[in-house]
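In: Below is the structure, and that's it, no one-letter string:
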């Protein structure tokens, strides 16, 4: 296989020769090793939920007997956080510059780092410069990540063979594309869609630099409305596709949620599986959380009240245990539905509700919440940006957590809310529908309700959901039962990891 370098030249990359898939299997298709490929991973580099997933899933897979090694770009923060680093491979020309593969560890994660300074040694976050604009060469940067993932997955590094290459989102989606065009045995491939809205779309002029045959730029490949789409290529060529909740897996086969790729998703529906995300229940554990002032558990839920007082003090809210505090930890975008919350703020304030908000995003929404806080001192507290300690305090100190997304592949904040006994109020979409049991009459009677769902994602439906929330808040015995139900929910990675292990084994069985 070749991949393109600067100036359009083609650079041969030694792919190595992996054993035939059936030689990689132990009895009962018990695989030996998975290579995960991702553009970010907690705790080294994070812009959102992708990092939380790719940081926690390998540990859960390892616990389930699936050895997982993760390939991540060599951003400055990653290289600085790597423990026991050692060079294991050298690419003399990786899209116009030297690159090294370094193996090391961080937070119990086994990592391979693609140290390509000309691509990744930059200020800013993984995708944008300090001015907030996308790096002009993001196509090359993440094509390199995919090409390296394909090469390593196919046995490039002596002593490291892999059964499965598991790519995450568009930034890694080129790994299964490159492997598809490798001649000879190769590992199985999985592509997980964390958000179909982000598709890695670039001008067609990028294609000649990718080192792929011309046939790859077609309707059944990378071509998308005369551009190149990394995600579409991965969706076409990965052996199996997953997304982060069963409901979202169904939704993306429809025109409403398919983001222009619904036809392809319907075509590949038999290869698509929805596996709901989990959270790291060691990091998110109110009984041991060092980021909150008052630790508590399901059996000691009364100690939770101290966190509410601490949150009210932190955000300048009136200190009152009787006031319903609604928390928001979110990107401030139209997808997340926070404009609908703005429409409902006057009614909430009139009912004595308080709002504790942490987030950043669209400037107009940021300004609107800041202005609302200025108009309602003591009732609305806002912090723009992200702060890990405050995120934990909002989960531990708010009475309810609002996630009114217009679409939501999975969502993680509602899982944290369940863990911390903050009643989630969510729109009935994607993973929100799969993880929260609505407090309807049947669920309340059966004693299984954990939150409130509303539908459709409109200001009026949200208003109805918030009205239901207030009614429940005023019935404290029912409210406390819901809190205990929520905290009893299994939001860990244990079950999802088992589903992934089963998926990997099914791929290997099909390829044997």
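Out: That came in fine, so what should we check first? Note that the structure is a prediction, hence the values are computed from the model and not measured.
In: going forward, measure contacts between C-alpha atoms and count neighbours the same way
Out: Fine.
In: Run through the bridge partners of residue 99.
Out: Taking DSSP bridges as the rule, residue 99 bridges to residue 91.
In: Could you identify the helix or strand that succeeds the helix or strand of the chain with the lowest mean pLDDT?
Out: The weakest-scoring helix or strand in the chain, judged by mean pLDDT, DSSP states H and E, is strand 10-12 (a mean of 33). Proceeding C-terminally, strand 10-12 gives way to strand 33-37 as the next helix or strand, assigned by DSSP states H and E.
In: Walk me through which strands that following strand pairs with, and which way each runs.
Out: As defined by DSSP bridges, the strand partners of strand 33-37 come to strand 67-73 (parallel), strand 164-168 (parallel).
In: And the average pLDDT for that strand is what?
Out: Per-residue pLDDT values over strand 33-37 give a mean of 97.
In: cool, stretch 229-236 as well?
Out: pLDDT averaged over stretch 229-236 gives 98.
In: ok, residues contacting it?
Out: By CA atoms under 8 Å, 6 or more residues apart in numbering, the residues outside stretch 229-236 that reach it are 169-171, 173-177, 191, 199-202, 220-224, 241, 261, 264, 268.
In: Just those: which are in strands?
Out: In this view, the contacts of stretch 229-236 that belong to strands under DSSP state E are 191, 201, 202, 223, 224, 241.
In: Specify which member of these is nearest to residue 136.
Out: residue 202 (10.1 Å; CA to CA).
In: which SSE is the closest residue to the closest one other than its chain neighbours in?
Out: Among residues not flanking residue 202 along the chain, residue 228 sits closest, at 5.1 Å (CA to CA, 6 or more residues apart in numbering). Assessed by DSSP H and E, residue 228 sits inside strand 227-229.
In: and the strands paired with strand 33-37 as CSV, adding mean neighbour count, mean pLDDT and distance to residue 308?
Out: Shown next, in CSV, are the strands paired with strand 33-37 (neighbours: other CA atoms under 10 Å; pLDDT from 0 to 100; distance: least, CA to CA, whole Å):
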stretch, mean neighbour count, mean pLDDT, distance to residue 308
strand 67-73, 24, 98, 38
strand 164-168, 28, 98, 37
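In: closest to residue 498 out of the ones you listed?
Out: Per CA to CA, nearest to residue 498 of the strands paired with strand 33-37: strand 67-73, 13.0 Å.
In: Quick one: name whatever helix or strand follows that closest one.
Out: helix 76-81.
In: how much space between the residue of the chain most remote from its centre and residue 375?
Out: Ranked by distance from the centre of the chain (CA atoms, centre = their mean), the top residue is residue 350, with 35.9 Å. Look at residue 350 and residue 375: by CA to CA, to the nearest Å, they are 13 Å apart.
In: which helix in the protein runs the most residues?
Out: In the chain, taking DSSP state H as the definition, the longest helix is helix 494-511.
In: So for that one, mean pLDDT?
Out: 94.
In: ranges for the strands of the stretch 401-512 of the chain?
Out: With DSSP state E, counting those that start in this stretch as the criterion, the stretch 401-512 of the chain has strands at 423-427, 452-454.
In: Would you mind giving those as a markdown table with mean pLDDT, distance to residue 51 and mean neighbour count added?
Out: Written out in a markdown table, the entries for these read as follows (pLDDT from 0 to 100; distance: least, CA to CA, whole Å; neighbours: other CA atoms under 10 Å):
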| stretch | mean pLDDT | distance to residue 51 | mean neighbour count |
| --- | --- | --- | --- |
| strand 423-427 | 98 | 22 | 30 |
| strand 452-454 | 98 | 27 | 24 |
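In: which other helices and strands contact the longest helix of the chain?
Out: The elements that helix 494-511 packs onto, with contact taken as 3 or more CA pairs under 8 Å, 6 or more residues apart in numbering; DSSP states H and E, are helix 49-63, strand 188-193.
In: Would you format the strands paired with strand 33-37 as CSV with distance to residue 408 included?
Out: Converted to CSV, the strands paired with strand 33-37 look like this (distance: least, CA to CA, whole Å):
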stretch, distance to residue 408
strand 67-73, 25
strand 164-168, 17
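In: mind listing the helices for the stretch 301-450 of the chain?
Out: For the stretch 301-450 of the chain, the helices defined by DSSP state H, counting those that start in this stretch occupy 305-315, 338-350, 363-375, 388-397, 413-420, 430-435, 441-446.
In: Please apply the same query to the stretch 101-250 of the chain.
Out: Remark: helices assigned in the stretch 101-250 of the chain by DSSP H, counting those that start in this stretch are 117-120, 138-153, 169-172, 174-180, 230-237, 246-251.
In: Report all helices and strands that the longest one contacts.
Out: By that I understand helix 138-153. With 3+ CA pairs under 8 Å, 6+ apart as the test, helix 138-153 has strand 33-37, strand 67-73, strand 164-168, helix 169-172, helix 174-180 packed against it.
In: These: which one's closest to residue 130?
Out: Closest to residue 130 of the helices and strands packed on helix 138-153, according to CA to CA: strand 67-73, at 18.3 Å.
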